[in-house]
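Trainee: Next input, structure requested:
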Amino acid sequence: MVARNRAFIRPDDLRRGTPRTVRSQVTRAALLDAAARVVGQHGYAEASIARITEYAGIAQGTFYNYFESRQELLDQILPNLSDEMLEFIRKRVADIGDPVERERAQFQAFFAYLIERPEFFRVLHEAEQFAPEAYRLHHAKVEEGYLRWFKRLQGKGFLTNFADAELKVVAEILMGARDYIAMLYSLSNGEKATPVPEHVVTGYMKLISGGLFNNAA
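Mentor: Predicted coordinates:
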């Protein structure tokens, strides 16, 4: 059985008389949440319908009212977490205009999200094998978010020495940096995510401020 490390709403938590549409939304969200947590602890291969429905507190038969198959649910875990992560970060940086400070806040927000959702990392990396289309869509979505931000910055006079093809490379570098830093500094204990040390943030930001946001060729 998967240990619950964070409260979430289950259908049984709803009051009697809750509209069917609301109950349906809550049930579907509970299955997605449970699937993410089961994959986070056991991996995709061991994420059975029985395990997921037990965690969600939902009868196995109810599962098929929301997903045609186990694979359909597995294919939706990463996109669901991806949207959640991007919204989590967006809220934390929404009021920051300075590009260097915004990137610092985005960097720190990513690791704050891992503390909230440590299962994200395993879901992401195993998806490449078990849910490849979801993995591709996640990668493209994050990359496109960076490229949109870079274009806005170019309109403000930043990044003017980068060609479009180079900005795509920069986006990949920033995404890769988060990935490897998370493995080395945040998830190294293999159980739960921890805050990254301050020297990780300062080292990363020195690279960013002296390279990415420096218009020297």
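Trainee: which ones are touching residue 102?
Mentor: Shown in contact with residue 102 (CB atoms under 8 Å, 6 or more residues apart in numbering): 93, 96. Just so you know, the C-beta spots here come from the backbone N, C-alpha and C atoms, and that holds for glycine as well.
Trainee: Likewise for residue 184?
Mentor: Contacts of residue 184 (CB under 8 Å, 6+ apart): none.
Trainee: Residue 56 now?
Mentor: 10, 27, 30, 31, 33, 34.
Trainee: From residue 136, how far out is it?
Mentor: Counting by CB to CB, to the nearest Å, the gap from residue 56 to residue 136 is 27 Å.
Trainee: Extract the C-alpha trace of stretch 127-137 and format it as CSV.
Mentor: Taking Å, rounded to 0.1, in the frame of the first residue of the first chain, the C-alpha atoms of stretch 127-137 are listed here in CSV:
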residue,chain,number,x,y,z
ALA,A,127,7.5,8.3,-18.9
GLU,A,128,10.1,8.2,-21.7
GLN,A,129,9.6,4.4,-21.7
PHE,A,130,6.1,3.9,-20.4
ALA,A,131,4.3,7.0,-21.8
PRO,A,132,6.5,8.3,-24.6
GLU,A,133,4.0,10.6,-26.2
ALA,A,134,3.3,12.3,-22.8
TYR,A,135,7.0,12.7,-22.3
ARG,A,136,7.4,14.3,-25.7
LEU,A,137,4.5,16.7,-25.1
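Trainee: Go through that stretch and flag the buried ones.
Mentor: Neighbour-count burial for stretch 127-137, with 16 or more other CB atoms under 10 Å as criterion, is recorded at 127, 130, 131, 134, 135, 137.
Trainee: Distance check, the residue nearest to residue 110 when sequence neighbours are not counted against residue 114.
Mentor: Of all residues not flanking residue 110 in the chain, residue 178 sits nearest, at 5.4 Å (CB to CB, 6 or more residues apart in numbering). Residue 178 is 9 Å from residue 114, where distance means CB to CB.
Trainee: May I ask which helix or strand encompasses the residue nearest to residue 110?
Mentor: helix 164-181 (DSSP states H and E).
Trainee: ok, and for the very next helix or strand once past that helix, which residues are buried?
Mentor: Helices and strands here follow DSSP H and E; after helix 164-181, the next one along the chain is helix 198-207. Going by neighbour count (16+ other CB under 10 Å), the buried part of helix 198-207 is 200, 201, 204, 205.
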